[in-house]
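**Student:** what follows is a predicted structure for the sequence shown.
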Amino acid sequence: EKLWKQVLNDVVDVELQGKWADICGLEGAKQILYESVVLPELAPEFFTGLKAPPKGVLLFGPPGNGKTLLAKALANERKSTFFNISASSLVSKWLR
């Protein structure tokens with residue numbers, strides 16, 4: 001139970017507030033996320049076989065360019081849980 005409380009406090013972001021409209025710029029990244037995550041969920045019959053969506057999307061770049069904001073907005077729009085996991089929190093809490 002103690003581990004569960006730590007995970008909820010450190011990893012799970014329960015108060016998502018971002019929306020697609022809140023993000024200025026990053027149109028290319030928003031389009032890729034929409035085509036890779038949202039469309040296959042809305043119309044799965046079109047995304048089978050060779051047209052299957054990618055299994056993941058890697059958001060990379062320097063700090064402050066909007067990676068976490070994009071991920072939070074995507075999770076909020078899809079009514080999903082956002083897990084904000086950093087390497088330092090994993091090492092300091094669970095890999096002793």
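**Tutor:** It's in. Since we're looking at a predicted model, the values are computed, not measured.

**Student:** helices along this protein, start to end?
**Tutor:** 2-10, 27-33, 39-42, 67-77, 87-93 (DSSP state H).

**Student:** let's have the ones you listed in CSV, adding distance to Pro54, mean pLDDT and mean neighbour count.
**Tutor:** Just so you know, the C-beta spots here come from the backbone N, C-alpha and C atoms, and that holds for glycine as well. Formatted as CSV, these follow (distance: least, Cβ to Cβ, whole Å; pLDDT from 0 to 100; neighbours: other Cβ atoms under 10 Å):
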stretch, distance to Pro54, mean pLDDT, mean neighbour count
helix 2-10, 27, 69, 10
helix 27-33, 9, 90, 14
helix 39-42, 9, 88, 13
helix 67-77, 14, 86, 18
helix 87-93, 23, 68, 11
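
**Student:** pipe those helices into CSV and attach distance to Gly61 per row.
**Tutor:** Converted to CSV, the helices of the chain look like this (distance: least, Cβ to Cβ, whole Å):
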stretch, distance to Gly61
helix 2-10, 24
helix 27-33, 9
helix 39-42, 24
helix 67-77, 6
helix 87-93, 17
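
**Student:** closest to Ala21 out of the ones you listed?
**Tutor:** helix 67-77 (8.9 Å; Cβ to Cβ).

**Student:** what does that closest one contact?
**Tutor:** Contacts of helix 67-77 from elsewhere in the structure, counted by Cβ atoms under 8 Å, 6 or more residues apart in numbering, are 13, 16-20, 22-23, 26, 29-30, 33, 37-38, 59-61, 80-82, 84.

**Student:** if any of these are buried, put those into a ChimeraX selection.
**Tutor:** Selecting only the buried entries of the contacts of helix 67-77 in ChimeraX, with 16 or more other Cβ atoms under 10 Å as the criterion:
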select :16,18,23,26,29,30,33,37,38,59,82
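
**Student:** what distance do you get for the one residue sitting closest to the centre of the chain to Glu45?
**Tutor:** Among the residues of the chain, the one closest to the centroid is Ala71, at 3.4 Å (Cα atoms, centre = their mean). From Ala71 across to Glu45, the span is 27 Å (Cβ to Cβ, to the nearest Å).
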